[in-house]
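**Student:** Pasting the sequence and the predicted model now:
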Amino acid sequence: LDPEVVSQLMASRQSPLAALTPREREVLGLMAQGLDNSTIATALVITERSVSKHIGAIFTKLGLPHTDSGHRRVLAVLAYLNS
């Protein structure tokens, strides 16, 4: 088999969380614990605005648009728990 084909097939099987940065995965993990943005900011010693930006990036990378019928925060946590 062509190595490029194999690598493309393997990449498509990765967890949806593979696209997240380590900090985004950390924020998502804290979201999964039920923490709000303010508490996440305090725990990570960053601003609430930074937390909001990380969460926005998580939603984008997981393909959770504003128009989604479900609650994006819950859907993101479910993706985290299912990986």
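**Tutor:** That came through fine.

**Student:** Report the secondary structure element holding the residue nearest to the spatial centre of the chain.
**Tutor:** By C-alpha atoms, centre = their mean, the chain has its centre lying nearest to residue 58, at 3.7 Å. Following DSSP states H and E, the helix or strand that holds residue 58 is helix 48-61.

**Student:** all helices for this structure, in order.
**Tutor:** 3-12, 22-32, 37-44, 48-61, 72-82 (DSSP state H).

**Student:** Dump those helices to JSON lines, plus mean pLDDT.
**Tutor:** Below are the helices of the chain laid out as JSON lines (pLDDT from 0 to 100):
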{"stretch": "helix 3-12", "mean pLDDT": "62"}
{"stretch": "helix 22-32", "mean pLDDT": "96"}
{"stretch": "helix 37-44", "mean pLDDT": "98"}
{"stretch": "helix 48-61", "mean pLDDT": "96"}
{"stretch": "helix 72-82", "mean pLDDT": "90"}
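
**Student:** residues near residue 66, how many?
**Tutor:** Here the count is done by other C-beta atoms under 10 Å, and residue 66 has 6 residues near it. C-betas here are computed from N, CA, C, even on glycine.

**Student:** Do you know the pLDDT at it?
**Tutor:** We note a pLDDT of 80 for residue 66 in this prediction.

**Student:** please begin residue numbering at 54 from this point
**Tutor:** Done: numbering now begins at 54, and the last item shifts to residue 119.
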